[in-house]
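A.B. asks: Any chance you can model this:
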Amino acid sequence: MGKNTQITHPTIFFDGVCNLCNSSVNFIIKRDKEKRFRFSSLQGNYASEVLPEEYVNAEKLPSLVLLDENLKTKSTAALTIARHLSGFWPLLYGFMIIPAFIRHFFYDLVAKNRYRWFGKKDQCMIPTPELKDRFID
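C.D. replies: Residues are numbered from 1 along each chain as shown. Predicted coordinates for the structure are as follows:
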């Protein structure tokens, strides 16, 4: 990881121009009743400070990275996040028994097509004033 790795809250890094990713962030915020997660765009300064270079300087950004006690990506990150949401979403964590290469195959299929299927914004999401304290630039 980068030089500034001390975190107080698990941080979800997302592709800030991806419509699916932005919708996912809003979905998580609504179900994160304990306000456990913080959010940061992969295109932002914080990401370039704490994430390995291949996550922020790649031509194809990953769609999701979770930094908690260690880095998690793809379906492992998504299922770990689901584990901490309200409602029945924690039940999805049971899919962790499926080998990662199988889970990641399906995750990659959606991630590879996310712009084509869901669209892309010209700029990163700007949080509302009420949510500003949950976002890190």
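A.B. asks: distance of residue 41 from residue 136?
C.D. replies: Residue 41 is 9 Å from residue 136, where distance means C-beta to C-beta, to the nearest Å. In this view, the C-beta of every residue, glycine as well, is placed from N, C-alpha and C.
A.B. asks: Neighbour count: those two, which is higher?
C.D. replies: Using other C-beta atoms under 10 Å, the more surrounded residue of residue 41 and residue 136 is residue 41, with 25 against 18.
A.B. asks: Look at stretch 41-61 and report the distance between its end residues.
C.D. replies: 11 Å (C-alpha to C-alpha, to the nearest Å).
A.B. asks: in that stretch, what counts as buried?
C.D. replies: For stretch 41-61, the neighbour count (16 or more other C-beta atoms under 10 Å) marks 41-44, 46-47, 50-51, 55-56, 61 as buried.
A.B. asks: Show me the shaky parts of this protein.
C.D. replies: 1-7, 57-60, 123-125, 127 (pLDDT under 70).
A.B. asks: if you set the cut-off to 50 instead, what comes out?
C.D. replies: 1-4 (pLDDT under 50).
A.B. asks: Quick one: the helices in it, in order.
C.D. replies: 19-31, 45-50, 53-56, 74-82, 100-118 (DSSP state H).
A.B. asks: Out of those helices, which one sits most buried?
C.D. replies: helix 74-82 (a mean of 21; mean count of other C-beta atoms under 10 Å).
A.B. asks: Can you list the neighbours in contact with it?
C.D. replies: 12, 28, 37, 62, 64-66, 68, 72, 89-90, 92-93, 95-96, 100, 103-104, 106-108, 111 (C-beta atoms under 8 Å, 6 or more residues apart in numbering).
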